[in-house]
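Q: Any chance you can model this:
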Amino acid sequence: MRILLVEDDPEVARFVRRGLTEAGHSVEHRDNGRDGLFAAAGEPFDLLVLDRMLPGGVDGLRLVETLRAQENRTPVLFLTALSAVDERVRGLKAGGDDYLTKPFAFAELLARVEALGRRPAAEVPATKLRVADLELDLLSRTVTRGGKRIDVQPREFRLLEHLMRHAGQVVTRTMLLEKVWDYHFDPQTNVIDVHVSRLRQKLDRGFDRPLIHTVRNAGYMIRAEEAA
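A: Reported below is the predicted structural model:
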């Protein structure tokens, strides 16, 4: 694994770096929080080993919190003299994956490092949904087709999101009532038909290929092309 070690104690840093290198890992070292943050944010690492108390204006907690805010999910092992339960809890809540207190046995450190390395990489949730030239951005809450912005109402956005998450599948009226309107009963109205009709007009007007299709006696489907 490629490991970033952020530790300001030179003796501890030499000890850990030598041991991890002898175990077959590649180790980069930074001796302060600021440089550690720049390295962790700018280069790909398989694991971060961080001290909690670091010079440079950025301590270990802030370093991890900043990375997590940037959607950086690299596993983090805190290595620190702060052994109180409250401190360990703070480290884990900040985004740390494991916590080892000093003094420590290198065999335990290595076992924890390799255990973190065996964890499957966390999947980053999709922030955009696409069907053909239609794109829905979940973060900015915008819809575009063929690069053209399409204005939709909040309920229409939820309706479209549900259809796109099930692209190529029939979505029943009951599913839409539950997931989009939060109804667990049939209100006996044409509210779904009205919203689908409005959404269809907005999405398909001016384009050759319709995307939203009615499946008779079943529900609705969004797909790139008509079924054969």
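
Q: which secondary element of this protein has the worst mean pLDDT?
A: Of all the helices and strands that make up the chain, helix 85-93 has the lowest average by mean pLDDT, DSSP states H and E, namely a mean of 83.

Q: chain center to the helix or strand just after that one, what's the gap?
A: Remark: after helix 85-93, the chain's next helix or strand is strand 98-101, criterion DSSP states H and E. Mean-position distance between strand 98-101 and its chain equals 24 Å (C-alpha atoms, centre = their mean, to the nearest Å).

Q: Residue 23 - nearest residue in space that isn't next to it in sequence?
A: On the basis of C-beta to C-beta, 6 or more residues apart in numbering, the spatially nearest residue to residue 23 that is not a chain neighbour turns out to be residue 110, at 5.7 Å. Yep, even glycine has a C-beta here, placed from its N, CA and C like the rest.

Q: Apologies, that question was intended for residue 150.
A: Using C-beta to C-beta, 6+ apart, the closest residue to residue 150 is residue 143 (4.6 Å).

Q: Okay, now the unreliable bits of the protein?
A: The model of the chain has pLDDT under 70 over residues 120-126, 185, 187, 225-228.

Q: rewinding a little: list the buried ones in the least confident helix or strand of the chain?
A: Residues of helix 85-93 classed as buried: 87-88, 90-91 (neighbour count, 16 or more other C-beta atoms under 10 Å).

Q: one step back: number of residues surrounding the residue nearest to residue 23?
A: Burial of residue 110, expressed as a neighbour count using other C-beta atoms under 10 Å, amounts to 16.
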